[in-house]
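Novice: coordinates only, sequence not included:
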């Protein structure tokens, strides 16, 4: 027990928010050196985990912050710490939190597609996040999503970078044999775009796109669902008015250059690569369709999780720590340099950096500054899964009645994500709503996750 605790649970001026910037409590009683020492604790994951356990225990003892503040003011910090230690087994609680258990498997094969969406998973290798958790990870670069699916089904990979809808589809047996797959974290939000060939720079109205040929990376992808949504909102039937061609991301540039497609809704860095190569322009960023939408995820089979719980927890910690680092804009240039190399993305560093930082050339003569072009918020909200299922139902991939919530809560491991975030002292662990059904809007149309069937009924163009 220590009054140096990062969360300052014994300070009457602290609100126990655990903000890493230290700006949520008065600093009147702390000089600069003490504050720097407190913040230094946040840079050590083990120390921060112990501090979080202690702060959480004090919060449980004093659920009302005003009561805790009055108590501390009345008796003083030293007396309060002694009194609390006499009724709470803090040392035992911390020991339990630190007892991670032996890793069942240390040498792991993890699949990835070489795109920016996999940034946390990729950067965790060269930047040491796997090694920090005692893991020896071999990242397996894979050419396309169908191969990722097949490798996971055959047990050739221990875990993988997925398109966020893929574990839902695999669990349902859509396009493959059914096998329970789980989403541990969302790898990235936003970070996609509709890119068109330069010959269409004066044809920006989607209502004029009948007959266009578009590439998408996979049927069970946010790219497919978002492009279909965008076209349908402009009056085009994506199954009848345009052609959608499943194309591995790395082949989209060659197909655009050859004139085989008019455009694509695809992942970065290929949108930015089309601009870099002078063959295309960015028509619209995916964030302008749904700001905060998920794209890719990190997950494993239910069998792997059950057989390797400690290893899976270690993977969780590595990916969450990497996502936290990728969420700091100051780190993005370094990350771009680390992941652009031939063994990872194999792309010009400037292309990767422009897509990650959101300061980029759009192919139309403008340099744009969109810092939220891509993000790395890892929470696997149940409502994200629910929306994906409505789109599978909308376009005829799913038949019959669907219990949206039951499947969302089975495949998206949000409860586990909160637990792991809490153990790492991450404020996102208590993000609202606690139910996991966060509302949002897609192209201005609100999505109520408690009424998915009504939402689907309100969409004019659909197969169901």
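Specialist: Thanks, I have the structure now. Since we're looking at a predicted model, the values are computed, not measured.
Novice: drop to CA atoms for contacts and neighbour counts, all remaining ones
Specialist: Will do.
Novice: Output the below-cut-off pLDDT ranges for the stretch 51-200 of the chain.
Specialist: 52-53, 56-57, 59-60, 63-64, 87-100 (pLDDT under 70).
Novice: Show me where it has its strands.
Specialist: Per DSSP state E, counting those that start in this stretch, the stretch 51-200 of the chain carries strands over the ranges 107-112, 136-141, 159-163, 181-186, 189-190, 192-197.
Novice: Would you pull up how far the last one lies from the middle of the chain?
Specialist: The gap between the average C-alpha position of strand 192-197 and the chain average comes to 21 Å, counting by Cα atoms, centre = their mean, to the nearest Å.
Novice: Neighbouring strands - and their directions - for that strand?
Specialist: Using DSSP bridges, the strands paired with strand 192-197 in its sheet are strand 263-267 (antiparallel), strand 280-285 (antiparallel).
Novice: okay, the ones you listed in a markdown table with distance to residue 68, mean neighbour count and mean pLDDT next?
Specialist: Rendered in a markdown table, the data for the strands paired with strand 192-197 read as follows (distance: least, Cα to Cα, whole Å; neighbours: other Cα atoms under 10 Å; pLDDT from 0 to 100):
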| stretch | distance to residue 68 | mean neighbour count | mean pLDDT |
| --- | --- | --- | --- |
| strand 263-267 | 49 | 29 | 98 |
| strand 280-285 | 47 | 22 | 98 |
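Novice: Same list (those strands) but as TSV, adding distance to residue 125.
Specialist: As requested, those are exported to TSV (distance: least, Cα to Cα, whole Å):
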stretch	distance to residue 125
strand 263-267	21
strand 280-285	29
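Novice: Spell out which residues make up each domain of the chain.
Specialist: Structural domains annotated on the chain: 1-99, 107-464, as defined by automatic domain parsing.
Novice: Of the ones you listed, which stretch is the most buried?
Specialist: The densest packing among those, expressed as mean neighbour count by mean count of other Cα atoms under 10 Å, is seen in domain 107-464 with a mean of 20.
Novice: Report how far apart the opening and closing residues of it are.
Specialist: Across domain 107-464, the terminal residues are separated by 45 Å (Cα to Cα, to the nearest Å).
Novice: coming back round to it: residue 313 is nearest to which of the strands of the stretch 51-200 of the chain?
Specialist: In this view, the strands of the stretch 51-200 of the chain are compared for proximity to residue 313 by Cα to Cα, and strand 181-186 is the closest at 9.9 Å.
Novice: Export the strands of the stretch 51-200 of the chain to TSV and append columns for distance to residue 387.
Specialist: Written out in TSV, the entries for those read as follows (distance: least, Cα to Cα, whole Å):
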stretch	distance to residue 387
strand 107-112	24
strand 136-141	29
strand 159-163	14
strand 181-186	15
strand 189-190	15
strand 192-197	18
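Novice: just the strands in the stretch 201-350 of the chain please.
Specialist: For the stretch 201-350 of the chain, the strands defined by DSSP E, counting those that start in this stretch cover 213-216, 243-246, 263-267, 280-285, 296-301.
Novice: Could you export those as a markdown table, including distance to residue 179?
Specialist: Putting the strands of the stretch 201-350 of the chain into a markdown table (distance: least, Cα to Cα, whole Å) gives the following:
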| stretch | distance to residue 179 |
| --- | --- |
| strand 213-216 | 24 |
| strand 243-246 | 23 |
| strand 263-267 | 26 |
| strand 280-285 | 33 |
| strand 296-301 | 8 |
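Novice: Any chance you could list what contacts stretch 248-258?
Specialist: Defining contact as Cα atoms under 8 Å, 6 or more residues apart in numbering, one finds that stretch 248-258 is touched by 115, 143-145, 197, 215-218, 261-264, 266-267, 270, 273-274, 279-280.
Novice: try it again with 7 Å
Specialist: By Cα atoms under 7 Å, 6 or more residues apart in numbering, the list of residues contacting stretch 248-258 from outside reads 143, 144, 197, 215, 217, 261, 262, 263, 266, 270, 274, 279.
Novice: Please apply the same query to stretch 120-138.
Specialist: Residues lying outside stretch 120-138 but in contact with it, judged by Cα under 7 Å, 6+ apart, are 106-110, 187, 314, 318-319, 322-323, 326, 335, 338-339.
Novice: Kindly check the end-to-end length of it for me.
Specialist: Chord length of stretch 120-138, first to last residue, is 15 Å (Cα to Cα).
Novice: Out of the strands of the stretch 51-200 of the chain, flag the one nearest residue 390.
Specialist: From those, taking Cα to Cα, the stretch that ends up closest is strand 159-163, at 16.4 Å.
Novice: helices or strands up against the closest one?
Specialist: Under the contact criterion of 3 or more Cα pairs under 7 Å, 6 or more residues apart in numbering; DSSP states H and E, strand 159-163 touches strand 107-112, strand 296-301.
Novice: In the sheet, which strands lie alongside the last one, parallel or antiparallel?
Specialist: Within its sheet, and counting by DSSP bridges, strand 296-301 is paired with strand 159-163 (antiparallel), strand 181-186 (antiparallel).
Novice: Reformat those strands as a markdown table; add distance to residue 356.
Specialist: Formatted as a markdown table, the strands paired with strand 296-301 follow (distance: least, Cα to Cα, whole Å):
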| stretch | distance to residue 356 |
| --- | --- |
| strand 159-163 | 18 |
| strand 181-186 | 16 |
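Novice: Which one, of the ones you listed, ends up nearest to residue 420?
Specialist: Distance to residue 420, taken as Cα to Cα, is lowest for strand 181-186 among the strands paired with strand 296-301, at 10.1 Å.
Novice: Report the distance from that closest one to the chain centre.
Specialist: Shown here is strand 181-186, whose average C-alpha point lies 9 Å from the average C-alpha point of the whole chain (Cα atoms, centre = their mean).
Novice: Residues contacting it, please?
Specialist: 167, 170-171, 294, 296-302, 377-380, 411-413, 417.
Novice: quick one: the helices in the stretch 351-464 of the chain?
Specialist: Defined through DSSP state H, counting those that start in this stretch, the helices belonging to the stretch 351-464 of the chain, from first to last, are 382-394, 404-411, 414-423, 452-457.
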